[in-house]
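**Student:** Could you look at this predicted model? Sequence included:
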Amino acid sequence: MLKKLSCIFFLNLSVSMGFAQNEIPKQYVDHDGKPVNEKYAAYYLETYKIKDADTYWQRKLYYNDTMPAAIASVGRCRDREGQIKEGSFVFYYKNGMKMSEGDYVNNSKEGEWEEWAQKGNLKALNHYRNGKMVGRNISWYQKGNMSDSTMLDENGNGKSLAFYPSGAKQSEGEYISGSRNGKWMYYYLDVKNQKSIEVTYEMDSVKNYTCYTETGELQKKDCVFEREANFRTGDEGWRKYLVKKLTAKVPVYTKLLKANESYTVIVRFIVGMDGSIEDVKIEKKGRMELDEIAWDIIQDSPKWIPAV
């Protein structure tokens, strides 16, 4: 038994020594992958040469605020800096659950990509060609009912159909060259298949629109087409979500703040057309640990009602 264990230890040591000759020192980066000081880094990146494939480098990205270090993504790249992704990639949440998985070709998404929520339920199934969505792309709510379905050809032409969490139709329309075009219908949440607004687009530009009452009659007064994105349960629901998430983090941030000390984080994010949260960014970076808490809370938000 001792001889066998010694052999295993020797092999691991040899592999580590082999990596050391082709490793790149840790690179500390922010959420956008830009190099930053270690103190403000969201991640750190490690790359090393793959022995049997001299043209590729193994790329591993780690969260910079977890102990032990939690892996954020793993895959391979064409360059030693780890910027040109190539082949299969897997992205992870801090809890170790998969976030997404798919292939890259010359740093562009290619083929089928799957996305999961932190609890492990399938969140989206998308298809790409040269970095652009093609084919049928579907997303689901946490309980498994469909959120939206879009069918696109390689030129960005196709149709979109979205649903409320209840299963009722939310919107439908067509895309031309990746932009909304022609008539799009938006429906009431509580009145099944009753359209609330009919909008005519020309390459994402609104040409005209018509509003309807819940009984299907023309709404001649107070017809408001533009609508800001809203949390599905309103401002009070958003407040409760934030309080719940912040309360869960009390043991963490009480160690980082002095008595009666407060810290403000300004977070910018985009609500996508399917209501999902995208492009979360900290507007003014200060204390990395606290910025990370804010970033995680916003990133994990349930889907919103998208802007119209």
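**Tutor:** That came through fine.

**Student:** Now do the helix or strand encompassing Tyr201: which elements does it pack against?
**Tutor:** Of the helices and strands defined by DSSP states H and E, Tyr201 is found in strand 195-202. For strand 195-202, the packing partners by 3 or more Cβ pairs under 8 Å, 6 or more residues apart in numbering; DSSP states H and E come out as strand 179-187, strand 205-211. All C-beta atoms are positioned from the backbone trio N, CA, C, and that covers glycine.

**Student:** and the angle from the first one to strand 205-211?
**Tutor:** The reference is to strand 179-187. Here strand 179-187 runs at an angle of 10 degrees relative to strand 205-211 (axes from the mean of the first three to the mean of the last three Cα atoms, to 10 degrees).

**Student:** and for strand 179-187, what are the contacting residues?
**Tutor:** Contacts to strand 179-187, defined as Cβ atoms under 8 Å, 6 or more residues apart in numbering, come from residues 156, 168-176, 193-204, 308.

**Student:** I'd like the distance from it to the chain centre, please.
**Tutor:** 25 Å (Cα atoms, centre = their mean, to the nearest Å).

**Student:** Distance from the helix or strand that contains Val243 to the middle of the chain?
**Tutor:** According to DSSP H and E, Val243 maps onto helix 234-248. Taking the mean of its C-alpha atoms, helix 234-248 sits 20 Å from the chain's own mean (Cα atoms, centre = their mean).

**Student:** With just CA atoms, put it into PDB.
**Tutor:** Taking C-alpha atoms only, helix 234-248 is exported to PDB below (Å, rounded to 0.1, in the frame of the first residue of the first chain):
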ATOM      1  CA  GLY A 234     -43.500  45.500  -8.400                       C
ATOM      2  CA  ASP A 235     -41.300  47.800  -6.400                       C
ATOM      3  CA  GLU A 236     -42.300  46.300  -3.100                       C
ATOM      4  CA  GLY A 237     -41.400  42.800  -4.400                       C
ATOM      5  CA  TRP A 238     -38.000  44.100  -5.500                       C
ATOM      6  CA  ARG A 239     -37.400  45.600  -2.100                       C
ATOM      7  CA  LYS A 240     -38.400  42.300  -0.400                       C
ATOM      8  CA  TYR A 241     -36.000  40.400  -2.700                       C
ATOM      9  CA  LEU A 242     -33.100  42.700  -1.900                       C
ATOM     10  CA  VAL A 243     -33.800  42.600   1.900                       C
ATOM     11  CA  LYS A 244     -34.000  38.800   1.800                       C
ATOM     12  CA  LYS A 245     -30.700  38.500  -0.100                       C
ATOM     13  CA  LEU A 246     -28.900  41.100   2.000                       C
ATOM     14  CA  THR A 247     -30.200  39.400   5.200                       C
ATOM     15  CA  ALA A 248     -28.700  36.100   4.100                       C
END
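
**Student:** just checking, what packs against it?
**Tutor:** If contacts are counted by 3+ Cβ pairs under 8 Å, 6+ apart, helix 234-248 sits against strand 230-231, helix 288-299.

**Student:** Let's have the ones you listed in a markdown table, adding mean neighbour count, distance to Val243 and mean pLDDT.
**Tutor:** Converted to a markdown table, these look like this (neighbours: other Cβ atoms under 10 Å; distance: least, Cβ to Cβ, whole Å; pLDDT from 0 to 100):
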| stretch | mean neighbour count | distance to Val243 | mean pLDDT |
| --- | --- | --- | --- |
| strand 230-231 | 18 | 13 | 88 |
| helix 288-299 | 19 | 11 | 84 |
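
**Student:** among the ones you listed, which is nearest Glu115?
**Tutor:** Proximity to Glu115 (Cβ to Cβ) singles out helix 288-299 among the helices and strands packed on helix 234-248, at 12.8 Å.

**Student:** Against which helices or strands is whichever helix or strand comes after that closest one packed?
**Tutor:** Next along the chain after helix 288-299, taking DSSP H and E as the criterion, comes strand 304-305. Contacts defined by 3+ Cβ pairs under 8 Å, 6+ apart place strand 304-305 against strand 230-231.

**Student:** Direction included, what does the strand it packs on pair up with?
**Tutor:** strand 304-305 (antiparallel) (DSSP bridges).

**Student:** Given the strand holding Tyr201, what are its sheet partners and their directions?
**Tutor:** By DSSP bridges, strand 195-202 pairs with strand 179-187 (antiparallel), strand 205-211 (antiparallel).

**Student:** Could you identify which of these has the lowest mean pLDDT?
**Tutor:** Looking at those, the lowest mean pLDDT belongs to strand 205-211 (a mean of 89).
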